[in-house]
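**Q** Here you go, sequence then predicted model.
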Amino acid sequence: MRALLQRVRSASVTVDGAVVGEIGPGLLVLLGVGKGDGDAELSWMADKISGLRIFEDEAGKMNKSLLDTSRAMLCVSQFTLYADTRKGRRPSFIDAGPPEEAKAMYARFCAHSRTLGLTVAEGIFAADMKVALVNDGPVTIWLDSAAR
């Protein structure tokens, strides 16, 4: 499982002209599911994201997490995080999870994140989504469960 986190002042996702998910201050999480990802990867990723101390405390240090600040997460499925660009000019997505499995894992990730106490807005899996955001910092972090 891979995630690209962006600390935001606000973010939204629009499908067919309608806003389907939006947050104020928090994290935009672009989430990719890889072949063979299961409960261990899902739990690790949700726990890591919810507890990652990337929000400023009273002293201006990145010392608070989503849970500490009661900020929200907007989660958007993103199979292209598994792009392999080593050969040629057209990316291969062979390491991305099969769509039906990835869709189920994405939904379970969002549900699990809610059980941890997070407010989670979502995009729509496999839809043509337009994502808008106002970066805060900017702070952008890459997570890969294979590197844990």
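**A** Noted; the coordinates are in hand. Numbering: from 1, shown residues only.

**Q** backbone phi and psi for the closest residue in space to A40 that isn't next to it in sequence, please?
**A** Spatial nearest neighbour of A40, excluding adjacent residues (C-beta to C-beta, 6 or more residues apart in numbering): S145 at 7.9 Å. C-betas here are computed from N, CA, C, even on glycine. When read as degrees, to the nearest 10, the backbone of S145 gives phi -60, psi -20.

**Q** Could I get the pLDDT score of S145?
**A** We note a pLDDT of 97 for S145 in this prediction.

**Q** dump the residue contacts of it.
**A** M1, R2, D37, A40, E41, W44, M45 (C-beta atoms under 8 Å, 6 or more residues apart in numbering).

**Q** By neighbour count, which of those wins?
**A** M1 (28 neighbours; other C-beta atoms under 10 Å).

**Q** Please, which helix or strand holds the residue most central in space within the chain?
**A** Geometric centre of the chain, nearest residue: V29, 2.2 Å, by C-alpha atoms, centre = their mean. Per DSSP states H and E: V29 is located in strand 26-32.

**Q** any idea of the mean pLDDT in stretch 3-14?
**A** Rounded mean pLDDT across stretch 3-14 is 98.

**Q** let's number from 764 now, not from 1
**A** All right, first residue 764 from here; so that's stretch 766-777.

**Q** chain center to it: distance?
**A** 8 Å (C-alpha atoms, centre = their mean, to the nearest Å).

**Q** List the buried residues for the strand or helix carrying F872?
**A** Using DSSP H and E, F872 maps to helix 862-878. Buried residues in helix 862-878, defined by neighbour count with 16 or more other C-beta atoms under 10 Å: E864, A865, M868, Y869, R871, F872, C873, H875, S876.

**Q** Do I have it right that the last one meets A809?
**A** Yes. With contact taken as C-beta atoms under 8 Å, S876 and A809 are classed as touching, separated by 4.8 Å.
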